[in-house]
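> Everything below, folded, please.
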Amino acid sequence: MEPQQTPAFFVRGPSPIARLVFFAALSITLMVTDARLHYLREVREGFVALMHPLQVAANMPVDLYRQTADYLTSHHQLYLDNQQLSRQSLEHSVALQKLQTLEAENEHLRHLLGAAKSWTQPAQLAEIMHAGRDPFSRKIVISLGSNQGILAGQAVVDEAGVIGQVTRVYPFSSEVTLVTDKELAIPVQVERNSLRAIAFGHGRDNTIDLPYLPANVDIRKGDRLITSGIDGIYPTGLAVAVVDSIERNPDSPFARITCIPVAGIENYREVLVLAMPKPETYQQAHPDPAAADKPVSPKPAAATPAPSNPTPSTTAVPPANANR
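Numbers count the residues shown, from 1 in each chain. I've put the predicted structure just below:
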């Protein structure tokens, strides 16, 4: 008589190694499909929209703590802030008077030179919800999305300078890539001598690099980098970074330039999202210099129509033997 086997208490499935291989292959397939064919964009946007209430609920304790801390601010601190703001208001009033005079003089000079007027872009105020989860990228999530008219490519700034650019838009939020991310590049120029360059984020730390500049380039430590405006996204003159160090290696034809961003990426909670400029506005503000050098061909004069009944000439022709 054969011994009866005891049934297993737990039903065993595939081995852990087989499960690991299966889910790894599935993950790689989904990532490749999303990167090449963009099939999962709608799924991702819908998932983010569904998770938005949970995200708001998760941030509610932090928001409640901030609101409570703001409410319980001491009277003495408010008095000091009021005094400081009053002093700054007085200083800014004096500076504003000088600025109005400079603007009037600038407008007069532009009128004399026939230059186009500087263009401005409308902006929307957004709040930073949280930073990106990927430790190898520099990204933040703001509280405005496609429902508020946000588009991918819009510039994001704060009171100090450029923060980054909108790279992904969801219905209720947007993802902003910071200027320190290695995948973001900004056309800049040195404020001191108007030297143009392309600034790239370092990626591993909060610094910006200026690659591919020759070793003898006219740039110094402490130079201020501003947006050049040639890309049509960032207005001209926004602060980007300050040159921190310059390394010149005799074995390399290029200098290694490291810059520190001036925007308060880690300090502020509110940012401004600049609207995309209109093409005709950008062309008026940045006319093509090559077009001004082209010679203007004169218009051909209109031909004078011949009269319908030509009158014979009355000029007398002297006879051949008049002088004989």
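
> And the helices in the protein, which stretches?
Assigned by DSSP state H, the chain shows helices spanning 16-37, 41-71, 75-113, 279-285, 289-293.

> Just say which of these is most tucked in.
Burial of the helices of the chain is given as mean neighbour count (mean count of other C-beta atoms under 10 Å); helix 279-285 ranks first at a mean of 13. Placement of C-beta: from N, CA and C, glycine included.

> Just put the helices of the chain in a markdown table and tack on distance to V179.
Compiled in a markdown table, the helices of the chain are given as follows (distance: least, C-beta to C-beta, whole Å):
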| stretch | distance to V179 |
| --- | --- |
| helix 16-37 | 24 |
| helix 41-71 | 24 |
| helix 75-113 | 27 |
| helix 279-285 | 21 |
| helix 289-293 | 28 |
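
> Now tabulate these in CSV and tack on distance to I142 and mean pLDDT.
As requested, the helices of the chain are exported to CSV (distance: least, C-beta to C-beta, whole Å; pLDDT from 0 to 100):
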stretch, distance to I142, mean pLDDT
helix 16-37, 23, 87
helix 41-71, 13, 84
helix 75-113, 26, 82
helix 279-285, 24, 53
helix 289-293, 37, 45
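
> looking at these, which is closest to D218?
helix 289-293 (21.6 Å; C-beta to C-beta).

> quick one on the thing from earlier: which stretch among the helices of the chain approaches E247 most closely?
Here helix 289-293 is closest among those (C-beta to C-beta), at 34.0 Å.

> Looking at the helices of the chain, which is nearest to S252?
S252 lies closest to helix 289-293 among the helices of the chain, at 32.8 Å (C-beta to C-beta).

> Dig out what Q124 forms beta bridges with.
When bridges are called by DSSP bridges, Q124 pairs up with V273.

> Let me know the average pLDDT across stretch 172-181.
The average of the pLDDT scores along stretch 172-181 is 92.

> mind listing what's buried in that stretch?
Using 16 or more other C-beta atoms under 10 Å as the test for burial, stretch 172-181 gives F172, S173, S174, E175, V176, T177, L178, V179, T180, D181.
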